[in-house]
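Chemist: got a structure for you, letters missing:
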């Protein structure tokens, strides 16, 4: 149980916390990286093995700004590309080019796949909103706006700090704490009076680096030990566990909607 009343505000990550879009992101990253890896000339077969949508996504991409994710993953395979420029085409083999390819794929997916909010996240957000707890969404995604707007809880948040805002203001992305600190500042609340809800290792590390009062990790991919190691104060499988007892853990979104 979490005493939510002692916080001046609660900051939520988007993908994987509020919405099931982390799965879509991972799928688009796999298509992007696998296409590139298939063209890499290397004597190291392990360096060119396909992108793993669970392990690689969580360790190197999840929660990070797009181009940081590209560099982090490539470094994990001992690979390196020139930075390039933000206007690089999707076919340009640069960090920006790969990032732009992934962004185009994700935009296409959003046109055909509906945005699904996790029921436990919806329940918690509505609960906090009814209790007049201030909330903001803090995401590295540049698609945060349209994704959040497609949910039924967008009006519950008074602030959004996403990849677009971070670039405009000049904020470093997660695992740096800058976006979380900026959100708390905009709400007029100190980090020591603010809670953060995250599912990504990079996001948990960012919140801990910012000295936030409480970091709640949501374990949707059997990564509890990783979230604890990253610094999460509390790890739950269902966000409703933070304010009331439930019959049992949630196993999947589809199971809940049956």
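Modeler: Received it, and whenever you're ready, just let me know what you need. Keep in mind the model is a prediction, meaning the values are calculated, not measured. Numbering: from 1, shown residues only.

Chemist: who's sitting farthest from the centroid in the protein?
Modeler: Distance from the C-alpha centroid of the chain peaks at residue 43, with 33.7 Å (C-alpha atoms, centre = their mean).

Chemist: Shouldn't it be within a strand?
Modeler: No: using DSSP: H, G, I helix; E, B strand; the rest coil, the assignment for residue 43 is coil, not a strand.

Chemist: ok, now how distant is the residue lying closest to residue 213 once chain neighbours are set aside from residue 178?
Modeler: Closest residue to residue 213 apart from its sequence neighbours, by C-beta to C-beta, 6 or more residues apart in numbering: residue 192 at 5.4 Å. (Glycine included, C-beta is placed from N, CA and C.) Separation of residue 192 from residue 178 (C-beta to C-beta, to the nearest Å): 17 Å.

Chemist: Now do the same contact list for residue 118.
Modeler: By C-beta atoms under 8 Å, 6 or more residues apart in numbering, the contact list for residue 118 reads 17-20, 220, 239, 253.

Chemist: Whichever of the residues you listed end up buried, select them in ChimeraX.
Modeler: Buried members of the contacts of residue 118, defined by 16 or more other C-beta atoms under 10 Å, are picked up in ChimeraX with:
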select :17,18,19,20,220,239,253
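
Chemist: just the contacts of residue 118: which has the poorest pLDDT?
Modeler: Within the contacts of residue 118, pLDDT reaches its minimum at residue 253, with 33.

Chemist: okay, residue 63: pLDDT?
Modeler: Residue 63 carries a pLDDT value of 87.

Chemist: Could you find the closest non-adjacent residue to it?
Modeler: According to C-beta to C-beta, 6+ apart, the nearest residue to residue 63 is residue 200 (3.1 Å).

Chemist: Could you pull out the strands in the stretch 151-258 of the chain for me?
Modeler: 159-161, 194-198, 214-218, 234-236 (DSSP state E, counting those that start in this stretch).
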